[in-house]
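Colleague: let me see the structure of the following:
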Amino acid sequence: MSTEKLFDGEGITSSERYFYTPSAFARKHLCYVQELGSLKSLKPHASVRENLESFLFFVVRAGSGCVRYEGKEIELKSGDAVLLDCREHYEHESSVNNPWELSWVHFDGARAEAVYGLFKKENGGQPRIVLGRREEAVSRLLAQLMEGKGENSLRAELKADALLAQLLLLVMEMAGERQEETDFDGLREEVNAGLSEADITLEHIHERLTQRYKTDFSKIDDAFRAKYGISIDGYAANRMLNKAKELLRFTIEPIPAVAAASGMSGEEELRRLFQENEQMSPEDYRKKWAQWIKG
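Modeller: Alright, predicted model coming up:
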């Protein structure tokens, strides 16, 4: 990984940036940094780019400005961030009266491309993110990436990959988050409360949620998926399956009783979930994992 430190001397911005050349290993297997840095705008100007094999994440640390992307102009202020696919045409410009200060990272990699598609879907197609309480965590990750400047090693590339993974996780957690918090406050707690009750079905949980939030279940499910990356039914199935695993491992309850105690509709559902998720029967799972079975 080679780096170069540049300072802009044209009177437009005061900046510090580092360029990275990833190894062949990093290009094939990791998420890798291409460029990162920070700047303070001294006078407004538009930065225009397109057709770059890169993704750009930047945070407005102070001031304000805008991004033009996919035919839309998006106003940004301190505490906002954006994630852009630089293969598309984009522009960003500081305001005249309130020049901004930015921290950014250009990066690429197969995982980045896959996550970006999910982010765009969950964030309503827009690149803007409101950092809110996660601003400190995001700033810390960018600072840790900056600490790696000048180190040319596989260890540094692996560390950068791990930090970018954390950044992408935060981005996905923030995608669509404001809608869930505003319109569907306490949604997961409602689902968990339903799942903890005896003799309750998914249909009952659906009905309870539609009454609680006074809207179609599909909208509630979309909000849950945007927040947690899984449907309500998928989340419930995981919870029930994990409960069944616990019972199979640490009790001698027969299979029908395990299904009932896990909140499933019956033994048939238990067998289906085990086959779909573990590619084995509940009996085989018990033989492999139960500590009380010898030999």
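Colleague: what packs against the longest strand along the chain?
Modeller: Criterion DSSP state E: the longest strand present in the chain is strand 32-41. In terms of contacts (3 or more Cβ pairs under 8 Å, 6 or more residues apart in numbering; DSSP states H and E), strand 32-41 is packed against strand 13-19, strand 101-108, helix 135-147, helix 154-174. (Glycine included, C-beta is placed from N, CA and C.)
Colleague: would you turn these into TSV with mean pLDDT and distance to F274?
Modeller: Below are these laid out as TSV (pLDDT from 0 to 100; distance: least, Cβ to Cβ, whole Å):
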stretch	mean pLDDT	distance to F274
strand 13-19	76	50
strand 101-108	94	39
helix 135-147	92	37
helix 154-174	93	29
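Colleague: so V48: helix, strand or coil?
Modeller: Secondary structure, DSSP: H, G, I helix; E, B strand; the rest coil: V48 is strand.
Colleague: tell me the spacing between it and F250.
Modeller: 61 Å (Cβ to Cβ, to the nearest Å).
Colleague: where in the stretch 51-200 of the chain is pLDDT low?
Modeller: 150, 176-183 (pLDDT under 70).
Colleague: okay, now the closest residue to A62 other than its chain neighbours: neighbour count?
Modeller: Of all residues not flanking A62 in the chain, E101 sits nearest, at 4.3 Å (Cβ to Cβ, 6 or more residues apart in numbering). E101 has 17 neighbours, counted by other Cβ atoms under 10 Å.
Colleague: who's E101 bridged to?
Modeller: For E101, the beta-bridge partners under DSSP bridges are K40, A62.
Colleague: show me the contacts for it.
Modeller: By Cβ atoms under 8 Å, 6 or more residues apart in numbering, the residues touching E101 are 38-41, 60-63.
Colleague: out of the residues you listed, which end up buried?
Modeller: 38-41, 60-61, 63 (16 or more other Cβ atoms under 10 Å).
Colleague: now those as TSV including distance to S23?
Modeller: Formatted as TSV, the buried ones among the contacts of E101 follow (distance: Cβ to Cβ, whole Å):
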residue	distance to S23
S38	25
L39	27
K40	32
S41	34
V60	32
R61	31
G63	36
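Colleague: wait, which of the residues you listed is closest to G124?
Modeller: V60 (19.6 Å; Cβ to Cβ).
Colleague: pretty sure the closest one sits against V67.
Modeller: No - using Cβ atoms under 8 Å, V60 makes no contact with V67, being 10.0 Å away.
Colleague: shared neighbours, the two?
Modeller: Counting by Cβ under 8 Å, 6+ apart, the residues touching both V60 and V67 are L76.
Colleague: show me where the chain has its strands.
Modeller: 5-6, 13-19, 32-41, 46-49, 55-62, 64-69, 72-77, 80-85, 90-94, 101-108, 128-130.
Colleague: note down every partner strand of the second one and its orientation.
Modeller: Under the criterion DSSP bridges, strand 13-19 sits next to strand 5-6 (antiparallel), strand 32-41 (antiparallel) in its sheet.
Colleague: my read: Q144 touches L163, true?
Modeller: Yes - taking Cβ under 8 Å as the definition, Q144 is a contact partner of L163 at 5.5 Å.
Colleague: in stretch 197-212, what counts as buried?
Modeller: Neighbour-count burial for stretch 197-212 [16+ other Cβ under 10 Å]: 202, 205-206, 208-209.
Colleague: what is the nearest of the residues you listed to L273?
Modeller: Nearest member of the buried residues of stretch 197-212 to L273, counting by Cβ to Cβ, is L202, at 12.7 Å.
Colleague: where's that closest one relative to V191, distance?
Modeller: In terms of Cβ to Cβ, L202 sits 10 Å off from V191.
Colleague: residues that sit against both of those two, list them.
Modeller: Joint contacts of L202 and V191 (Cβ under 8 Å, 6+ apart) are A236.
Colleague: who are the contact partners of L248?
Modeller: Residues in contact with L248, defined by Cβ under 8 Å, 6+ apart, are 258, 282, 285-286, 289-290.
Colleague: max pairwise distance over those residues: which two?
Modeller: V258 and W289 (13.1 Å).
Colleague: those two: which is more packed in?
Modeller: Between V258 and W289, counted using other Cβ under 10 Å, the more crowded position is V258 (21 against 13).
Colleague: number of nearby residues for the nearest residue to the more buried one once chain neighbours are set aside?
Modeller: Nearest residue to V258, sequence neighbours excluded (Cβ to Cβ, 6+ apart): L247, at 4.6 Å. When neighbours are defined as other Cβ under 10 Å, L247 has 20 of them.
Colleague: the one 5 residues further on too?
Modeller: The local packing of I252 (other Cβ under 10 Å) involves 11 other residues.
Colleague: can you tell me how far it is from M240?
Modeller: 20 Å.
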